[in-house]
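Asker: got a predicted model here, sequence first, then my questions.
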Amino acid sequence: MLPVRTLFSMSSRAVCAASRAHTLSRSALVSTPSLPIRFFRTSSQVQQETGFKHLPVLKDYSLETFREQCLIPELPAVMAPGVASSLPAFTKWFRSHNLDINTLELDSDYLLQSGDPLVPLELTRSPTNHQGPVEEFFQRFQAPLSLFLGWTASPKDGGSSERLYLAQAPLSDLPQGLQDDLPPPKLVLAGKGDVYNANLWMGLAPTYTPLHRDPNPNLFVQLSGTKVVRLFEPDAGRNIFARVQQQLGQAGSASVRDEGMMQGAEKRLMEQVVWSQPQSKVNLHGSSPSEVHLQRGDAIFIPKGWWHSIKGVGPGITASVSCLTTMC
């Protein structure tokens, strides 16, 4: 596998050729394991220790229950098993890792059978020189899906400083066969039934999405792996974001995933406030933030205006779909 940094010295034609050369091929496919679907919510004891509260779990995710308990009052909730496991991608896109049957990897053969589309990738390179204040490198670029699949399948050195993340890839840009594997969830019908935007997120942990808010209600579905979501009520999140921007002497946007959010002083300070500081200091409006651990098959409803930051953790591939809808 070519080092990711060599991509930037190659022509686009050479990139396509190199990526196809490194696409994983196997003659024997391993079936996807039936992993347990679990919901990890913060207990009252943990809430006392960390300041986080748990979200309600909708075991009955009928349209009526979802509309009454989440959509109309604009309150977040975790979905009971079934929202994600009914999607064709849940089983078609993944297979057991050849070294660990309980860890999933992407099925490159299936994902590329309909074509090799260009997808948005984020390259992060951590500093290797720990003797000075070297900034983390971040760059976003377009590349063939096969390049990303080859990188996820290649052996990783424990000290590797380079990571690729397929971030915010519009489903509408994927081949029709892959789009068909991710139809809009039925809960979208609880509102107007329109999908404003649907994006795919895939990578190997650690992955990171900074604190932000979405312009529409978001049904976030976890297809594989584990992600930790920290959620803040509108006023609390707005105040946190404004405080960080004020300390930096700038006025950034909380709805655009730009490079400023992903590197440098803004990333360090925002991540420290949201993920490292005691929540008693983060809680600026008298409302406790929530933390949810989403595993394979789980989903969370994030109402419009609620602030959230997300981290991918644990082994294997982590894959998610965010479905922004015009529910109201």
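Answerer: Perfect, thanks for sending it.
Asker: residue ranges in the stretch 51-200 of the chain under the pLDDT threshold?
Answerer: Along the stretch 51-200 of the chain, the parts satisfying pLDDT under 70 run over 51, 80-82, 99-101, 127-135, 156-160, 189-196.
Asker: the strands in it, which residues?
Answerer: 57-58, 77-79, 94-97, 100-106, 118-125, 137-144, 162-170, 195-204 (DSSP state E, counting those that start in this stretch).
Asker: looking at those strands, spot the one closest to Ile302.
Answerer: Taking Cβ to Cβ as the criterion, Ile302 comes closest to strand 77-79 out of those, the separation being 9.5 Å. Quick note: C-beta positions are derived from backbone N, CA and C, even for glycine.
Asker: which strands or helices does that closest one pack on?
Answerer: For strand 77-79, the packing partners by 3 or more Cβ pairs under 8 Å, 6 or more residues apart in numbering; DSSP states H and E come out as strand 57-58, strand 299-302.
Asker: which strands or helices does the shortest one pack on?
Answerer: The helices and strands touching strand 57-58, judged by 3+ Cβ pairs under 8 Å, 6+ apart, are strand 77-79.
Asker: what's next to the strand it packs on, contact-wise?
Answerer: When contacts are defined by Cβ atoms under 8 Å, 6 or more residues apart in numbering, strand 77-79 is touched by residues 39, 41, 55-58, 61, 69-70, 187, 292, 294, 298-301.
Asker: now the two most distant members of those residues.
Answerer: Farthest apart among those by Cβ to Cβ are Arg41 and Leu187. That separation is 19.6 Å.
Asker: picking up where we left off before, and the contacts of strand 77-79, which is closest to Leu87?
Answerer: Leu87 has its nearest neighbour among these in Ala299, at 10.1 Å by Cβ to Cβ.
Asker: give me the distance between the closest one and Val57.
Answerer: Distance from Ala299 to Val57, counting by Cβ to Cβ, to the nearest Å: 11 Å.
Asker: who has more neighbours, those two?
Answerer: More crowded of Ala299 and Val57, by other Cβ atoms under 10 Å: Ala299, with 26 against 14.
Asker: from what I see, the more buried one and Phe220 are in contact.
Answerer: Yes: the pair Ala299 and Phe220 passes the contact test of Cβ atoms under 8 Å, sitting 6.4 Å apart.
Asker: thinking again about what came up before, closest to Ser276 out of the strands of the stretch 51-200 of the chain?
Answerer: strand 118-125 (18.7 Å).
Asker: now do the helices in the chain.
Answerer: Assigned helices in the chain, in chain order: 12-21, 44-50, 63-66, 89-92, 108-111, 145-153, 176-180, 234-248, 259-262, 264-271, 279-282 (criterion: DSSP state H).
Asker: please write out the alpha-carbon positions of the longest one in CSV.
Answerer: In CSV, the C-alpha atoms belonging to helix 234-248 read as follows (Å, rounded to 0.1, in the frame of the first residue of the first chain):
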residue,chain,number,x,y,z
PRO,A,234,-29.5,24.2,22.0
ASP,A,235,-28.7,27.0,24.5
ALA,A,236,-25.9,25.1,26.2
GLY,A,237,-24.2,24.1,22.9
ARG,A,238,-24.6,27.6,21.5
ASN,A,239,-22.9,29.0,24.5
ILE,A,240,-20.0,26.5,24.4
PHE,A,241,-19.4,27.2,20.8
ALA,A,242,-19.5,31.0,21.3
ARG,A,243,-17.2,30.8,24.2
VAL,A,244,-14.6,28.9,22.2
GLN,A,245,-14.9,31.3,19.3
GLN,A,246,-14.5,34.2,21.6
GLN,A,247,-11.3,32.8,23.2
LEU,A,248,-9.9,32.3,19.7
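Asker: which strands or helices does it pack on?
Answerer: In this structure, helix 234-248 packs against strand 207-213, helix 264-271, strand 307-313, with contacts taken as 3+ Cβ pairs under 8 Å, 6+ apart.
Asker: send the alpha carbons of the last one over as CSV?
Answerer: Spelled out, it's strand 307-313. The C-alpha coordinates for strand 307-313 follow below in CSV (Å, rounded to 0.1, in the frame of the first residue of the first chain):
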residue,chain,number,x,y,z
TRP,A,307,-25.4,20.4,19.4
HIS,A,308,-23.3,17.2,19.2
SER,A,309,-19.8,15.9,18.8
ILE,A,310,-19.0,12.3,17.8
LYS,A,311,-16.0,10.0,18.2
GLY,A,312,-15.4,6.6,16.6
VAL,A,313,-13.8,4.1,19.0
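Asker: packing partners for it?
Answerer: Applying 3+ Cβ pairs under 8 Å, 6+ apart, one finds that strand 307-313 contacts strand 207-213, strand 226-232, helix 234-248.
Asker: give the buried residues for that strand.
Answerer: Of the residues in strand 307-313, those with enough neighbours to count as buried (16 or more other Cβ atoms under 10 Å) are Trp307, His308, Ser309, Ile310, Lys311, Gly312.
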